[in-house]
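Student: Model the structure of this input:
(one chain, ligands or ions: 1)
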Amino acid sequence: MAAVTLRRARCWCPSLLQVFRFPVAQVHLGRPTMRASQQDFENAMNQVKLLKQDPGNQVKLKLYALYKQATDGPCNVPKPGVFDLVNKAKWEAWNSLGNLPKETARQNYVDLVSSLSPSSEASSQGKRGADEKVQESKDIVVTSEDGITKIMLNRPAKKNALTFEMYKEIILTLKNASTDNSAIAVFTGAGDYYCSGNDLTNFTSAAGGMEEAANQGAVVLREFVNSFIDFPKPLVAVVNGPAVGIAVTLLGLFDAVYASDKATFHTPFSHLGQSPEACSSYTFPKMMGSAKATEMLLFGKKLTAREAWAQGLVSEVFPDSTFEKEVWTRLRAYAKLPPNSMRISKELIRNNEKEKLHAVNAEECTTLKARWLSEECINAIMNFVSRKAKL
Ligand SMILES: CCCCCC/C=C/C(=O)SCCNC(=O)CCNC(=O)[C@H](O)C(C)(C)COP(=O)(O)OP(=O)(O)OC[C@H]1O[C@@H](n2cnc3c(N)ncnc32)[C@H](O)[C@@H]1OP(=O)(O)O
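Tutor: Next up, the predicted model:
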């Protein structure tokens, strides 16, 4: 009979652990099996504690599921309720293993941990060093050259989805850029996406539960959007690929938007049980008329770059093959224009509706806070999370 002592792991980011408190166990299961032995299993559990980098919620879910299957066998406990987000995701991950034999689960656990082990971390870091990409690990890369502050969303493996930390970093970056020596500020994305919008695990991985996360989310979002409303210099988006959610709605607060013809613009708020943000409930109908804004903001119609141009959301579309070269050449020329003149002209344009934009932002944040706690939204987010958990 197995004797299992549960305790909490102390590794990676504490807030993530609070979410997926998968047990690190001292397990005595008796005889070793033909494949991964009990000792291998225990070693793997210890290795997990030594990981320097958070492997992400999906991997943690997988580890949790394999651990439970290896120790308790197939999942036969009741499914947690719809509002018990974390336990429901864990249950789904475990349940998805069906009747996988304990020995196989144990072997899979050992294999998974070994793929995350410090030696593989070290070798991948070594590769990065050889490429001299010093800032590779940062999610927001800020550079300043030729009068341009370039703000690159740099989380390509997650399609540049925005974490809470990234929102906060961007607020600070814009604050710095508003007083630095550059003439203009430019946002772009690393990899094939511009940005896939809000990281949908922001809420499932919040330490203090959904209500606390919704409160904090609304405060951060309001400040985040305010920093775009108030940014004093020309703000340009170089949309290198698909944009989703808040990455699209924010564009209504930019001064110019240049898009590759591979870019798409998608705001699936109703699909997510959410509502528009970044002042788009005001800027989109004003820009494209209410019929077209409804198709995007209520029905989640995805636009091509050319359609977005036709609606006034995009300034100009470029062939992907020449996009980077053409756009940056142009931006370098714009950045040589007299900066004070550009700043004053922007102020004239923006001052006409700054007050209105702040009021809209406040109302949208209040509305969203309630949406995040709704069953429609919670279900949509959990569907996304659990879809991945089953991979
Ligand atoms: C302070 C809080 C403010 C909140 C403001 C409110 C903002 C609202 C919004 O922005 S709503 C929009 C939210 N975004 C989405 O709904 C997009 C969700 N993602 C997807 O639908 C797809 O991932 C995709 C279409 C962007 C890309 O699909 P595909 O090409 O098939 O790639 P993958 O799905 O395999 O994605 C690769 C990898 O990235 C992870 N990922 C992508 N987008 C997100 C995201 N928005 N949140 C979290 N994770 C994301 C995805 O899970 C994969 O990870 P994995 O490799 O499985 O670990």
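Student: For the residue of the stretch 101-250 of the chain found nearest the ligand, which non-adjacent residue is closest in space?
Tutor: Among the residues of the stretch 101-250 of the chain, G245 lies closest to the ligand, at 2.2 Å counting by C-beta to the nearest ligand atom. Yep, even glycine has a C-beta here, placed from its N, CA and C like the rest. Using C-beta to C-beta, 6 or more residues apart in numbering and skipping residues adjacent in sequence, the residue nearest G245 is G197, 2.6 Å away.
Student: What about the one you found, how many residues nearby?
Tutor: When neighbours are counted by other C-beta atoms under 10 Å, G197 registers 26.
Student: The residue of the stretch 101-250 of the chain closest to the ligand touches S196, doesn't it?
Tutor: Yes. If you go by C-beta atoms under 8 Å, G245 and S196 touch, sitting 7.4 Å apart.
Student: can you tell me which residues contact the residue of the stretch 101-250 of the chain closest to the ligand?
Tutor: G245 sits next to 196-198, 266-269, 272 when contact means C-beta atoms under 8 Å, 6 or more residues apart in numbering.
Student: among those residues, which are in reach of the ligand?
Tutor: Contacts with the ligand within the contacts of G245, as defined by C-beta under 6 Å from any ligand atom: 196-198, 268, 272.
Student: which element is A259 on?
Tutor: strand 256-260 (DSSP states H and E).
Student: what about that strand, distance to the chain center?
Tutor: 21 Å (C-alpha atoms, centre = their mean, to the nearest Å).
Student: same for that strand, what does it pack against?
Tutor: Secondary-structure packing of strand 256-260 (3 or more C-beta pairs under 8 Å, 6 or more residues apart in numbering; DSSP states H and E): strand 235-239, helix 305-310, strand 316-318, helix 323-334.
Student: Just say which of the ones you listed is most tucked in.
Tutor: strand 235-239 (a mean of 26; mean count of other C-beta atoms under 10 Å).
Student: what's next to the very next helix or strand once past it, contact-wise?
Tutor: Per DSSP H and E, the first helix or strand lying C-terminal to strand 235-239 is strand 243-244. Residues from elsewhere that reach strand 243-244 (C-beta under 8 Å, 6+ apart): 159, 193-197, 251, 263-268.
Student: again with stretch 337-350
Tutor: So stretch 337-350 is contacted by 147, 183-184, 229, 232-234, 255 (C-beta under 8 Å, 6+ apart).
Student: Please check these and keep the buried ones.
Tutor: Among those, those scoring as buried are 147, 183-184, 229, 232-234, 255 (criterion: 16 or more other C-beta atoms under 10 Å).
Student: what's the farthest-apart pair in those?
Tutor: G147 and I229 (23.2 Å; C-beta to C-beta).
Student: what sits against the residue nearest to G245?
Tutor: Residues near G197 by C-beta under 8 Å, 6+ apart: 161-162, 243-248.
Student: Can you tell me which residues in the stretch 51-200 of the chain are near the ligand?
Tutor: So far as C-beta under 6 Å from any ligand atom goes, the stretch 51-200 of the chain lies against the ligand at 56, 58, 158-159, 161, 164, 167, 196-200.
Student: Among the residues you listed, name the ones in strands.
Tutor: Among these, none falls in strands (DSSP state E).
Student: Quick one, which of these are buried?
Tutor: Here, 16+ other C-beta under 10 Å leaves 56, 58, 158-159, 161, 164, 167, 196-200 buried among these.
Student: Would you convert those into TSV that also reports pLDDT?
Tutor: Shown next, in TSV, are those (pLDDT from 0 to 100):
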residue	pLDDT
G56	72
Q58	74
K158	97
K159	97
A161	97
F164	93
Y167	96
S196	97
G197	98
N198	97
D199	95
L200	92
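Student: of all the residues you listed, which comes closest to G81?
Tutor: Closest approach to G81 among these (C-beta to C-beta): L200, at 20.0 Å.
Student: I figured the closest one hits I381, correct?
Tutor: Yes. With contact defined as C-beta under 8 Å, L200 counts as touching I381 (5.3 Å).
Student: which residues are in contact with both of those two?
Tutor: L272.
Student: Give me the contacts around the strand holding A259.
Tutor: Under C-beta under 8 Å, 6+ apart, the answer for strand 256-260 is 234, 236-241, 251, 305, 308-309, 313-320, 323, 327, 330.
Student: The same query, at a cut-off of 6 Å, please.
Tutor: 236-240, 251, 305, 314-317, 320, 323, 327 (C-beta atoms under 6 Å, 6 or more residues apart in numbering).
Student: Next, the angle strand 235-239 makes with it.
Tutor: Angle of strand 256-260 versus strand 235-239, following axes from the mean of the first three to the mean of the last three C-alpha atoms, to 10 degrees, is 10 degrees.
Student: Next, the angle from strand 256-260 to helix 323-334.
Tutor: 160 degrees.
Student: what mean pLDDT does strand 256-260 have?
Tutor: This predicted structure assigns strand 256-260 an average pLDDT of 98.
Student: what pairs with it, and is each one parallel or antiparallel?
Tutor: strand 235-239 (parallel), strand 316-318 (parallel) (DSSP bridges).
Student: could those strands be laid out in TSV, adding mean pLDDT and distance to the ligand?
Tutor: TSV is the format used below for these (pLDDT from 0 to 100; distance: least, C-beta to the nearest ligand atom, whole Å):
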stretch	mean pLDDT	distance to the ligand
strand 235-239	98	14
strand 316-318	98	21
